[in-house]
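In: Got a predicted structure here, sequence first:
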Amino acid sequence: MALAFLAKSLMPSFPRRRKSRVFPFYRASLCIGTIVLLSLFSCSLPKPNPLLEGPKLKNYEQTGPLTVYNRANLFDYMNGEAEVYLPLGFHLLYASVYRTEKTDSRMVQEIYDMGTPEGAADILKNYSSERGSSIAGIGDGAWVDKGIVLFREGKYFVRIFSDPSPENEVRPTMQEMLDLAREICDTLR
């Protein structure tokens, strides 16, 4: 032990290099700058949702509020059918009632965000396997039957049918429902 102390004391002592104060400041500035840039890029404005803003439709007026359902409360809207939608990627349902200005008839419009085009196609396939006929010119696929229009556009599946409430004294024509479907389809594009 004494020898080790003696050896250290006999060794020449060299002046120690001073640590640069510039490098730690530069490194801290670089880290802060990187954090600021990343936060600016991650805080970009979201794309506006035309469904929440209320689509502007010709010859149709929304009567009543837009109601939005998610995976947790979809059963409140459609208890028996929810089991069909959930496994196929259901995210949100936008439900509202529209009135035609010409005849004062009212239609329920349901827009299901299925997350993927495949999920929307599977729902349309599920409903269109019965009676009715397919129709061209609306979305990625459309189907009609007495009193109902179904179509899909991208990740959305849409149902339009006559409002069953007693306030709806005039039932919509198939042409009115198809016109509404075309306008909704244009909004979803």
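Out: Received the coordinates, thanks. Residues are numbered from 1 along each chain as shown.

In: doesn't residue 166 fall inside a strand?
Out: No. If the criterion is DSSP: H, G, I helix; E, B strand; the rest coil, then residue 166 is coil and not within a strand.

In: Checking the closest residue to residue 114 other than its chain neighbours next. Helix, strand or coil?
Out: Closest residue to residue 114 apart from its sequence neighbours, by Cβ to Cβ, 6 or more residues apart in numbering: residue 120 at 4.4 Å. From N, CA and C alone the C-beta is placed, and that goes for glycine too. Here residue 120 is recorded as helix under three-state DSSP.

In: Can you name the residues that contact residue 120?
Out: Contacts for residue 120 (Cβ atoms under 8 Å, 6 or more residues apart in numbering) come out as 112, 114, 140, 152-157.

In: farthest pair in those residues?
Out: Within these, 112 and 140 form the most distant pair, 13.9 Å apart (Cβ to Cβ).

In: For the protein, which segments are assigned as strands?
Out: Along the chain, counting by DSSP state E, strands occupy 60-69, 92-100, 106-113, 133-135, 141-145, 148-153, 156-162.

In: So which bits of the first one are buried?
Out: Within strand 60-69, the residues that qualify as buried by neighbour count (16 or more other Cβ atoms under 10 Å) are 60, 66, 69.

In: Look up how far residue 135 lies from the second one.
Out: Going back to what we said before, that points to residue 66. Residue 66 is 26 Å from residue 135, where distance means Cβ to Cβ, to the nearest Å.
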